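Asker: Build the 3D model from these lines:
(2 chains)
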Amino acid sequence: MNFGMPLLILMIAYFIGTHLEKRHFQSILKREDEARGFPVVSFDTMPDNWTASRSDLVSGSVVISLDYFKRVIAGLRGLIGGRIKTYEPLLDRARREAVLRMIEDARSQGYDAVFNVRLETSRLANATRNGKGTAGVEMLAYGTAVKFASRFANAQ
Amino acid sequence: MIISNTETIPGRKIVEFYGVVTGNTVRAKHIGRDIMAGLKNIVGGELKGYTELLSDSRKEATDRMIEQAQSMGANAVVNVRFATSSISQGAAELFAYGTAVRVE
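Answerer: Just a heads-up that it's a prediction; the model follows:
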């Protein structure tokens, strides 16, 4: 009787959480495909063949948390050590989502490319061993967006 | 005001340096958002309330940095960096800093 409720929540968390994660990855892949023609580089100076007419700082951020089931699994894994597979997709999708949002920010302001991209992770709160608390991470992507001086300045 | 996280402004020349400018803000999450986030936390996924809260706060920190740069007579801030630190349970400091300069 006492075990019934948490088990139910665990199962709900597992099914909905896995479904949401899958859908998020599909959306990321689709949007990454669309953004393929937009140059995003992490060099700290502009590539030689770029000439900029204007520039500004752009950024994208997202806060994502892990579902209850995966937090419990991660908590158990923490006892024996080793690779925590449930956390890896969380950080991966947060990071990719942040980069996509940065690109959207740059595009909506009419910029052609982003360089000097930096990624930053910050932990919002602590999740305890038994899966309680928020396992939220914030991912921030920022860079300098530029508008090319001539339309074909970047032609290869 | 031009903001950049690079050491120079693309296509512009820096003519004068004014020094480091900073801007910060400390924010706590409010209870309504916390309850929603708590529910969302069961199934995982994006916590939209927190995303908004943090990006708004970061914008405020940046605006304060820009204000300081303007009062010095600068027209651009280069080499901007962001930092986040959690002060206590439920409160975070968002911090932006850079170098105020004058460009041509």
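
Asker: who's the nearest residue to B:Leu54 once chain neighbours are set aside bridged to?
Answerer: Take B:Leu54 and drop its neighbours on the chain: the residue closest to it by Cβ to Cβ, 6 or more residues apart in numbering or on different chains is A:Glu138, 5.7 Å away. Yep, even glycine has a C-beta here, placed from its N, CA and C like the rest. Note on A:Glu138: beta-bridge partners by DSSP bridges are A:Val63, A:Ser122.

Asker: Might one say that A:Glu138 is in contact with A:Thr121?
Answerer: Yes - counting by Cβ atoms under 8 Å, A:Thr121 is a contact partner of A:Glu138 at 7.3 Å.

Asker: what about these two, which has more around it?
Answerer: A:Glu138 (25 against 13; other Cβ atoms under 10 Å in any protein chain shown).

Asker: Output the below-cut-off pLDDT ranges for the chain.
Answerer: Using chain A. For chain A, the stretches with pLDDT under 70 are A:1-5, A:125-135, A:151-156.

Asker: hmm, I had chain B in mind actually
Answerer: When residues are selected by pLDDT under 70, those of chain B lie in B:30-33, B:90.

Asker: The longest helix anywhere in chain A and chain B in contact?
Answerer: Scanning chain A for the longest helix, with DSSP state H as the assignment, gives helix A:4-34. Yes - counting by Cβ under 8 Å from any Cβ of the partner chain, chain B is contacted by helix A:4-34 at A:9, A:12-13, A:16-17, A:20-21, A:24.

Asker: Buried members of the residues you listed into ChimeraX, please.
Answerer: A single ChimeraX command selects the buried members of those (16 or more other Cβ atoms under 10 Å in any protein chain shown):
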select /A:13,16,17,20,21,24
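
Asker: gap between the residue in chain A positioned nearest to chain B and A:Pro89?
Answerer: Residue nearest to chain B within chain A: A:Asp67 (3.2 Å; Cβ to the nearest Cβ). Distance, A:Asp67 to A:Pro89, by Cβ to Cβ, to the nearest Å: 11 Å.

Asker: Please say which of the two ends up with more neighbours.
Answerer: The neighbour comparison of A:Asp67 against A:Pro89 (other Cβ under 10 Å) goes to A:Asp67, with 29 against 15.

Asker: Now the residue of chain A closest to chain B: closest residue in space, sequence neighbours ignored.
Answerer: Closest residue to A:Asp67 apart from its sequence neighbours, by Cβ to Cβ, 6+ apart: A:Gly17 at 2.8 Å.

Asker: Run a quick neighbour tally on B:Leu53.
Answerer: 21.

Asker: Quick check: it touching B:Asp34?
Answerer: No - contact between B:Leu53 and B:Asp34 fails when scored by Cβ under 8 Å: they sit 10.5 Å apart.
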